[in-house]
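Trainee: Just a sequence and a predicted model for now, questions to come.
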Amino acid sequence: MGEIQIHIARGELELGVLPMSEVRELLASEFLLPTDSYKNPGQVGWQPLSELLPVVETKTASVSSKIRSTLAGASSVVRKTANDVAAKISSAAEHKKTQMAAASNRMLEDFIPALRSLVGTALAKSSQTVEAALRDEALLRKVFGAVYDLLPKPVRRFVSEEVFVEFCLGHRQRLLNKSS
């Protein structure tokens, strides 16, 4: 389970729910005040932060110490936020890529009868037999690349050549009318 999350408020204004480590940093940097209130999940009443954490003595700290502390807290928050944003973008991109691959595969699956004809025509122009072609991946990549160029333009906009060639290699038996 993750770090304890606590509710923070200043007066009547709820500031949000934060992990304990961030509350410590924000209190140390004086962004949160010892007089601000906190409440644990399930707790009924609010209590001052000074009861939750030892009050950070800032009156004796030098100005440069305060600045360093503030910058350290801010950089930590910025770094965490940047990492969170990067992770969300990466996750969204991966999800979109997975959706596109599934859509491309579905579309190509339905397009196999037409692809058989195109692949057969392209293979007939080579001097190889179907059996020999099935074993020659380099030749098949060239044939499938040539077939890609013959696809209707909307299909090429929807499916990249790389995805198309990999799909065809994976379905070579079906495309060349050979049972698996």
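Mentor: That came in fine, so what should we check first? Numbers count the residues shown, from 1 in each chain.
Trainee: Tell me how many other residues crowd the closest residue in space to Ala101 that isn't next to it in sequence.
Mentor: Distances taken as C-beta to C-beta, 6 or more residues apart in numbering put Val163 closest to Ala101, at 6.9 Å, once the chain neighbours are dropped. Glycine gets a C-beta too; all of them are placed from N, C-alpha and C. When neighbours are defined as other C-beta atoms under 10 Å, Val163 has 16 of them.
Trainee: Show me which positions of the host helix or strand of Val163 end up buried.
Mentor: According to DSSP states H and E, Val163 maps onto helix 161-170. Of all the residues in helix 161-170, those buried under the rule 16 or more other C-beta atoms under 10 Å are Val163, Phe164, Val165, Glu166, Phe167, Cys168.
Trainee: Name the member of these with the shortest distance to Pro19.
Mentor: Closest approach between these and Pro19, by C-beta to C-beta: Val163, at 41.4 Å.
Trainee: Which helix or strand lies directly C-terminal to the helix or strand bottoming out on mean pLDDT in the chain?
Mentor: Lowest by mean pLDDT, DSSP states H and E among the helices and strands of the chain is helix 63-110, with a mean of 70. Later in the chain than helix 63-110, the nearest helix or strand by DSSP H and E is helix 112-124.
Trainee: elements contacting that next one?
Mentor: Other elements packing on helix 112-124 under the criterion 3 or more C-beta pairs under 8 Å, 6 or more residues apart in numbering; DSSP states H and E are helix 137-150, helix 172-175.
Trainee: Point out the most buried one among those.
Mentor: helix 172-175 (a mean of 18; mean count of other C-beta atoms under 10 Å).
Trainee: about what we covered before: what mean pLDDT does the helix holding Val163 get?
Mentor: Averaging pLDDT along helix 161-170 yields 91.
Trainee: domains in the chain, as residue ranges please.
Mentor: 1-56, 57-98, 111-175 (automatic domain parsing).
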